[in-house]
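Chemist: Fold the following, please.
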Amino acid sequence: METFAICGIDHTTTTDDDEEHAQVIVDVAVIAADAAVDAPWERCVGETNIGLGLRRVGIAVRKAARTDAPAYVVDARISATRPGNDRGWTACAQLNGANPSLSSGGLTGSLRAPLLLWRRVAAPSDRAAPLVALRLTTGTPQKPWAPLSIPTTTNFPRTTALFDRRGQARLYGVRAPPMKAPPQILASWGRPPPRLADLVFDDDASVKRKPRDSLTFEEFSFSLTDATGAITFVSCVRFDAPLSNQQGAEIRCEPVAFCLLYRRSDARAAMRTACVELYRLYLSKHPRAFRVLLATLAHLPLPSPDERVDLRISFVDEDGSMAPLREISVRSSRLLRAGLRSVDDAQAWRAFLSSLAPDNLVRVVELALLERPLLVCASSTPSWFLDCLRAVLYPLHWALPCVDRVPRDIGHDLVSGVVPLLAACRLGPGAAPARNRCFSEPVDHSVVVVDLDSKEIDFGLKLHASAPRISQMHRRRCCGALRVIGDIDGEGVAIRDVFAQLVASVLEGHRACLNLQKRDTRRLSVSDIIDAKRFSRGDPFRCELGETQAFAEFVRRAVEPDVDDGAVDVTVGGLAAQLRARDETTIECSAAVTLPCVASTEETNWASLVGDASERVDFEDLRMRIQTASASDAATPAERYRRDALAAAGRSQLNLDADPARGAVRDVAELHFLTLPRFVRRRRTAAQMAWGLLRALGLLRHLLANRLVPSEAAWRALLLAAGQIKATATDLTVREFARDVARALFREMQAWDIKIGPQTFALWSLAVAGDEDAGYATEDDELAAPRLFARSATWSAEDAGNECPWLWDAGAQFCQERGVSTADLGVLCAKDDDACYAPGDAFFGRGGSPPTPKLPEASERRIVLKPGAVGCEACGARAPEPAVLAAVLHGCLGQSACAKCGASGDGVKPTLVVLDSVIGPQVVAYLAPRAIRLDVDARIRRHGEASLAAARVVADAPDVFYSALWWSARLRLPPPFRGRGDHALHLALQSSSGDVGKDDRLAGARDAFGTLPRSGLEVWLPAF
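Modeler: Take a look at the predicted model:
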């Protein structure tokens, strides 16, 4: 929580900007028409005949400064009895006598009672409109005069007849407007933003008398945006607080609000809960518990949403039992991690769906897309409508001002400005059109007014009513889908999904219209980045959309790296389906806060209730647990961007292949793609970087030839490596090679019908864009190419050039088939196609036995891997290595009976026996490639690209490291995890002996990973 504030009406001071009403009437008296008046009294205009005696009387008043008056006259009446039941009425005394009667002459005998002049006074805290002038006249004066004394025929028939017959004057008065009571911050923790109280009390709130059983309570939320674009979210509870202990059915109360201000948008539900609990503690007269809850919120260590940490705070009494206070739970939002705006309020989404007819709701969304000025109004300020409206514009974002709550006193000038804006306000009472009831003056016709109470749209100008519309077919689909929406969750995913399809229909084909010849698009206009005429295709809606700020930002994000590039792409599939694919496990961190048990019943003011922020709650242990759960090596925006690029966007991209053995081959290959950007960044020369990319292209060629299509994350890794080479290589030929490779990769993705997301497209645009002659603007851009593609601070030793030469030949063949020249790299395409395949009988081989490597003479790290023996405890039979391998690939080891004796093998767990000359002997789990791939993806998400270093993997997850070595060597591939290159690597794979060789899964496993010779398989790398 950033800050807490109690907002209220300050009833101790008032201001009035109208100088004409600076003096108000504080007393009234009856005087004879010819009597003299002494200061400070002054005679009012007009006289009246009091009856048969023809005596004439007038009225005198005494005035005082409005700010100095302890009480002033707010009403006057001529009546024989007390007007109404209010005890505030008193009879006025005569100025020079004790008789206050207006009819002390002959009328007394003809009436049941004499007519008296009555007055009612009020204190400034009542905010009632004071009288500033009185007059007696037989005519009807013009405004601002209003009649105050109108005797009714029911109570005084003879008096009324006499008045009509004699022509006595009536009493008229002029009222000043109610005294302005500025809302103020009465107490706070932290420093609230300016005008916060004005936004909380956006209506004419004042101290009022209300029945004791009808005090109001309201809960709402809104947001504030400062000059830098930073958003602060505000959750409030507003209620009527009695001024003091009062008796009777009616009490005087002032409006007060508890406000919580915070930065994390998906914490809205938790903060709303906290606001209500603060209100309950206030009602229970428990100020110490109130301050403890404030301290809890103030010192709570909120993790960022992308850290996948859930926070839960419970409250206990001093004896350890659960306190009657609801938990504060802040959960990591999958929508924020997916790049969407969080509106965690199911009630708001239901109200949004039912606020307007479907066609009108679609029309409002269309106007918002076209950035027309919109003012949404209702009897209660509909801030929630603007929250939902901005959320359904995705992937576009409202880029102009938005005011969730418009104060009534400045609303007219604010919404009638030149810049279009979204705004919400409270409707005033009455039956006039909404345009006339929003503020003190009618809203300008250049603003579209949406009245949620009457469910109508007042377009104002014909320009707005005739604004272009989305195609009728897509509108009908959207309206039909809105009508059949059933359950709505807290984030309104079902509603978002419907509107996402509508917006996607408008943006369809925009990528084909982009111009990527120039690199630094921040220095270009939108018309230079995209061909607007080609995009609009004669559609009026697209034409106008192309001129909006939201579309300009969308286009720039498409070709430049952005923090939201990892978001879901609604143009390539349903929003709801993509969000389901992104569901991930989170880590929960919880803590308990002890509340004091002794309540305080003493009366306290707001400042003493809130305290001086000296209350403390110790969250050090919780903070350490959160840091441990969210620890990551990706500290800078560039590192986080690379981390998100290498992580799979959804579980659907990691689906198992129909054949587990073929899927395992793809998983092992993807390990090499994911580690390629780090490998390239640690190469010393441009040629070494290009050769590393060339080997990866050779592996990609083999996968595509066997119709094994890598996930989008693997393609992004290849594009990231190509972009790094293009941005950092000093050799022009190497940069051109990387640019051509990126173009070829993009064409392959399109050919294989891969759904290209925003981050993939941004990385491709960086890799194929031209060089910027004037340099890159990096001052304010953390994701500029020099930072995003920064070279590693440490170098790895160069490989000797003979690391898997068959992959080089396959890579050169991939480039030749796609028109990418490699001649300048010193790599020529092999004339013999067999050179593109690995030696041996594995998936990428064409038979033959693997060569025996020349063992190094220098320092080496020797690793021997051997599967642990898998045998039957009943009969002692042992399974051969191919059978164990097949069972691991299919995930069925231990789930079937012994083939020899039929005994159950439920307790069997596969292992690898490791002899490592650096670490020593150990036994690790024999993991399938699918398990390794999922573990690596989780490591990237949590720790970033640095977690793929060999030393890190072998220390944190040795089973992953050695299992990856095992599977890579079986496929004749180099190890995916690379170290500093300080030692050569001598890797030896040995086979365990066995007796049982019958298994129907052996054929597929043998075709994919080959067989191990009896003497084993040895691999040597000069630099590991």
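
Chemist: Return the distance of residue 989 relative to residue 870.
Modeler: 17 Å (Cβ to Cβ, to the nearest Å). Using the backbone N, CA and C atoms, a C-beta is placed for each residue, glycine as well.

Chemist: Neighbour count for the two, which is higher?
Modeler: Each of residue 989 and residue 870 has its neighbours counted (other Cβ atoms under 10 Å); residue 870 has more, 25 against 21.

Chemist: Okay, buried residues for stretch 259-269 please.
Modeler: Applying a neighbour-count criterion of 16 or more other Cβ atoms under 10 Å, one finds 259-262, 264-269 buried in stretch 259-269.

Chemist: Oops, could you answer that again for stretch 62-79 instead?
Modeler: Buried, per 16+ other Cβ under 10 Å, within stretch 62-79: 62-64, 66, 69, 71-79.

Chemist: And the strands in the stretch 551-700 of the chain, which stretches?
Modeler: Here the stretch 551-700 of the chain has its strands, by DSSP state E, counting those that start in this stretch, at 587-594.

Chemist: give me the low-pLDDT residue ranges for it?
Modeler: 564-567, 571-573, 598-604, 649-658 (pLDDT under 70).

Chemist: now for the helix or strand where residue 269 lies, which elements pack on it?
Modeler: Using DSSP states H and E, residue 269 sits in helix 268-283. If you count contacts as 3 or more Cβ pairs under 8 Å, 6 or more residues apart in numbering; DSSP states H and E, helix 268-283 packs onto strand 217-225, strand 231-242, strand 250-262, helix 287-299, strand 328-330.

Chemist: Please state the offset of that helix from the chain centre?
Modeler: 21 Å (Cα atoms, centre = their mean, to the nearest Å).

Chemist: got it, and stretch 310-317?
Modeler: On Cα atoms, centre = their mean, the centre of stretch 310-317 falls 24 Å from the chain's centre.

Chemist: which ones are touching the closest residue to residue 40 other than its chain neighbours?
Modeler: The shortest distance from residue 40 to any non-neighbouring residue, by Cβ to Cβ, 6 or more residues apart in numbering, is to residue 62 (5.4 Å). Residues near residue 62 by Cβ atoms under 8 Å, 6 or more residues apart in numbering: 25-29, 40-42.

Chemist: Which members of those residues occur in strands, if any?
Modeler: 25-29, 41-42 (DSSP state E).

Chemist: Filter those residues down to the buried ones, ChimeraX style.
Modeler: Applied in ChimeraX, the following selects the buried portion of these according to 16+ other Cβ under 10 Å:
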select :25,26,27,28,29,41
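
Chemist: Among the ones in strands among the contacts of residue 62, show me the least confident.
Modeler: Among the ones in strands among the contacts of residue 62, residue 29 has the lowest pLDDT, at 88.

Chemist: Now do the buried residues in stretch 681-699.
Modeler: For stretch 681-699, burial by neighbour count (16+ other Cβ under 10 Å) applies to 681-683, 686-699.

Chemist: quick one: it to chain centroid distance?
Modeler: Distance, centroid of stretch 681-699 to centroid of chain: 39 Å (Cα atoms, centre = their mean).

Chemist: next one: stretch 967-976
Modeler: With Cα atoms, centre = their mean, you get 43 Å for stretch 967-976.

Chemist: Give me the contacts around that stretch.
Modeler: With Cβ under 8 Å, 6+ apart, stretch 967-976 has contacts from 664-665, 668-669, 671-672, 674-675, 699, 803-804, 806-807, 838-840, 842-845, 850, 865, 929, 932, 950, 964-965, 985, 987, 989, 1008-1010, 1012, 1017, 1019, 1021, 1024.

Chemist: Please apply the same query to stretch 342-358.
Modeler: 221, 265-266, 268-269, 305, 333, 335-336, 361, 364, 382, 384-385, 387-389, 391, 450, 452, 455, 457, 478-479, 482-483, 485, 488-492, 495.

Chemist: that older thread, show me which of the ones in strands among the contacts of residue 62 is closest to residue 537.
Modeler: Set against residue 537, the nearest of the ones in strands among the contacts of residue 62 by Cβ to Cβ is residue 25 (71.3 Å).

Chemist: for the closest one, what are its contacts?
Modeler: 61-63, 72-73, 130-134.

Chemist: Residue 489 too?
Modeler: For residue 489, the contacting residues are residue 346, by Cβ under 8 Å, 6+ apart.

Chemist: And what about it, helix, strand or coil?
Modeler: Put simply, residue 489 is coil when judged by DSSP: H, G, I helix; E, B strand; the rest coil.

Chemist: Just want to check the distance between it and residue 309.
Modeler: Residue 489 is 21 Å from residue 309, by Cβ to Cβ.

Chemist: returning to what we had before: check the buried residues of stretch 259-269 and tell me the two furthest apart.
Modeler: The largest separation in the buried residues of stretch 259-269, counting by Cβ to Cβ, is between 259 and 266 at 18.7 Å.

Chemist: The helix or strand hosting residue 704 packs against which elements?
Modeler: Per DSSP H and E, residue 704 falls inside helix 686-705. Packing contacts for helix 686-705, counted by 3+ Cβ pairs under 8 Å, 6+ apart, involve helix 660-681, helix 712-728, helix 732-751, helix 805-817.

Chemist: export that helix as CSV, just CAs?
Modeler: This file holds the C-alpha atoms of helix 686-705, laid out as CSV (Å, rounded to 0.1, in the frame of the first residue of the first chain):
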residue,chain,number,x,y,z
ALA,A,686,31.6,-12.6,-35.3
ALA,A,687,32.6,-15.8,-37.2
GLN,A,688,32.2,-17.9,-34.0
MET,A,689,28.7,-16.4,-33.5
ALA,A,690,27.7,-17.1,-37.1
TRP,A,691,29.0,-20.7,-36.9
GLY,A,692,26.9,-21.3,-33.8
LEU,A,693,23.8,-20.1,-35.5
LEU,A,694,24.6,-22.2,-38.6
ARG,A,695,24.8,-25.4,-36.5
ALA,A,696,21.4,-24.6,-35.0
LEU,A,697,20.0,-24.1,-38.5
GLY,A,698,21.3,-27.5,-39.4
LEU,A,699,19.5,-29.1,-36.5
LEU,A,700,16.3,-27.2,-37.5
ARG,A,701,16.6,-28.6,-41.0
HIS,A,702,16.6,-32.1,-39.7
LEU,A,703,13.5,-31.5,-37.5
LEU,A,704,11.5,-29.9,-40.3
ALA,A,705,12.5,-32.7,-42.7
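
Chemist: Please consider this matter closed, and thank you.
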